[in-house]
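Enquirer: Sequence plus the predicted model coming up.
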Amino acid sequence: MKKELSAIDAKYEAQKIAFGPMYFQAVVALRDLGILEFISSHRKGVTIEKIVDEMDVSEYGINLLIEAAEILGVLDVEANVVRISKVGFFLLKDEMTRVNVNFMNDVCYLGAKAMTDSIKNGKPEGLKVLGDWPTIYQGLSILPEPAKTSWFEFDHYYSDGAFPDALKIVFRTHPGTIFDIGGNTGKWSFACCDYDNDVKIKILDLPVQLNVARKNAEERGLADRIDFHAIDLLDTAQKIPQGADVIWMSQFLDCFSKKQIISILKNAHQASSQHTRLYILEPFFDNQNYPAAHFSLVATSLYFTIMANGNSKMYRIEVMKELVREAGFEVIETYPLIGDSYHTILECMKSAQ
Ligand SMILES: C[S@@+](CC[C@H](N)C(=O)[O-])C[C@H]1O[C@@H](n2cnc3c(N)ncnc32)[C@H](O)[C@@H]1O
């Protein structure tokens, strides 16, 4: 049972929410001004005077940020000596934390103010701060910097960790042709080509993304093994072609509402033979080992609301399985939390009629 908070503690928790955005920016400043790194390099701690002497930041700024970081538990301060805490260490050195902080700061922060309007209107009203597109997907490859780098680092950080185990699963049946739906920059397709010398790939995505994927494939000398098919899967008139042994959807279906997911899966269904395997790779928020992962995935849903498309989210595993069944597929195997990642693979085939 959850322990009841005292009124004093509850009021403190409420203030953490009230001032949260500013504390977040204070930590970003502490990191980006190099103060956190400087403190971290003094393993036994460093006095505030020494930080002021050696850093090119005002005494005012240094004191301000250290006071904020101490409140957050990022720094420990005792008798004027400052040390980095374990939390501070993760902010500085942990790749997942770095990628999440940059994604929040560079992609989401300004648009987050439009949360209420985004929910009211079912549109990503925060996206205007980055560009004039109906969804972020029309703009991904042409986002302004640093949003572009931070978006791709965030996306790749999560999917890359899943690929080594996912390759073993997908290639167990020796597919000759894989359709990579929402293939983005081509990372999964290139990994498939490296893994199996004979496999042929078709990347299906919006035209703006295919330009980048095609260029990347040419640079890797894979143009003869990878084919490109421009498609907008929200347009039900545009059909996925037939001929795939495997249809692969990685971190793709979370970009859509439940209704859109059923329609996209029905499109995959019409493209499938009785032998085609559909693999869905997703980080389901209710299927995680660590609270930090659950916390991050629920926050990622909020990004979809304000910046991506206003109607999609991270899903619970059973919700996705139900949508798969509604579209006429059967989940024949579930591979939970594969490899060094947060993902589950659902292996699906057409249900027997
Ligand atoms: C979150 S990214 C996933 C990229 C990659 N599969 C991965 O696992 O890292 C989603 C991809 O879906 C594509 N996408 C979004 N909306 C689409 C649509 N309506 N039709 C086709 N592709 C779409 C985006 O362009 C993007 O490449």
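Expert: In hand now; what should we look at? Numbering: from 1, shown residues only.

Enquirer: Only C-alpha atoms from now on, for both contacts and neighbour counts.
Expert: Noted.

Enquirer: so S141 touches V208, yeah?
Expert: Yes - S141 lies in contact with V208 (Cα atoms under 8 Å); the separation is 6.6 Å.

Enquirer: Which one's more surrounded, those two?
Expert: Neighbours per residue (other Cα atoms under 10 Å) separate S141 from V208, with S141 holding more: 20 against 16.

Enquirer: check contacts around the more buried one.
Expert: 148, 208-209, 212 (Cα atoms under 8 Å, 6 or more residues apart in numbering).

Enquirer: restrict those residues to contacts with the ligand.
Expert: When contact is defined as Cα under 6 Å from any ligand atom, the contacts of S141 meet the ligand at Q209.

Enquirer: all helices of the stretch 51-200 of the chain, in order?
Expert: 59-72, 86-93, 95-102, 115-121, 147-160, 163-170, 187-195 (DSSP state H, counting those that start in this stretch).

Enquirer: Can you lay out those helices as JSON lines showing mean pLDDT?
Expert: What follows is the helices of the stretch 51-200 of the chain, written out as JSON lines (pLDDT from 0 to 100):
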{"stretch": "helix 59-72", "mean pLDDT": "98"}
{"stretch": "helix 86-93", "mean pLDDT": "97"}
{"stretch": "helix 95-102", "mean pLDDT": "96"}
{"stretch": "helix 115-121", "mean pLDDT": "98"}
{"stretch": "helix 147-160", "mean pLDDT": "93"}
{"stretch": "helix 163-170", "mean pLDDT": "95"}
{"stretch": "helix 187-195", "mean pLDDT": "97"}
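
Enquirer: Can I get those helices in a markdown table including distance to H229?
Expert: Output for those, formatted as a markdown table (distance: least, Cα to Cα, whole Å):
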| stretch | distance to H229 |
| --- | --- |
| helix 59-72 | 48 |
| helix 86-93 | 40 |
| helix 95-102 | 30 |
| helix 115-121 | 31 |
| helix 147-160 | 21 |
| helix 163-170 | 21 |
| helix 187-195 | 13 |
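
Enquirer: need those helices in TSV with mean neighbour count, can you?
Expert: Shown next, in TSV, are the helices of the stretch 51-200 of the chain (neighbours: other Cα atoms under 10 Å):
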stretch	mean neighbour count
helix 59-72	16
helix 86-93	16
helix 95-102	18
helix 115-121	16
helix 147-160	18
helix 163-170	17
helix 187-195	18
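
Enquirer: Start and end of stretch 154-172, how far apart?
Expert: One end of stretch 154-172 to the other measures 29 Å (Cα to Cα, to the nearest Å).

Enquirer: thinking again about what came up before, name the residues contacting each of S141 and V208.
Expert: With Cα under 8 Å, 6+ apart applied, the contact sets of S141 and V208 do not overlap.

Enquirer: The spatially most central residue of the chain and G111, how far apart?
Expert: Among the residues of the chain, D155 comes closest to the average C-alpha position under Cα atoms, centre = their mean, at 4.2 Å. Going from D155 to G111 by Cα to Cα gives 18 Å.

Enquirer: same check, this time on I142
Expert: With Cα to Cα as the criterion, I142 and G111 are 18 Å apart.

Enquirer: More neighbours: these two, which one.
Expert: G111 (21 against 16).

Enquirer: residues contacting the nearest residue to that one once chain neighbours are set aside?
Expert: The shortest distance from G111 to any residue other than its chain neighbours is 3.6 Å, reached at G126 (Cα to Cα, 6 or more residues apart in numbering). Under the criterion of Cα under 8 Å, 6+ apart, the neighbours of G126 are 108, 110-115, 118, 306-307.
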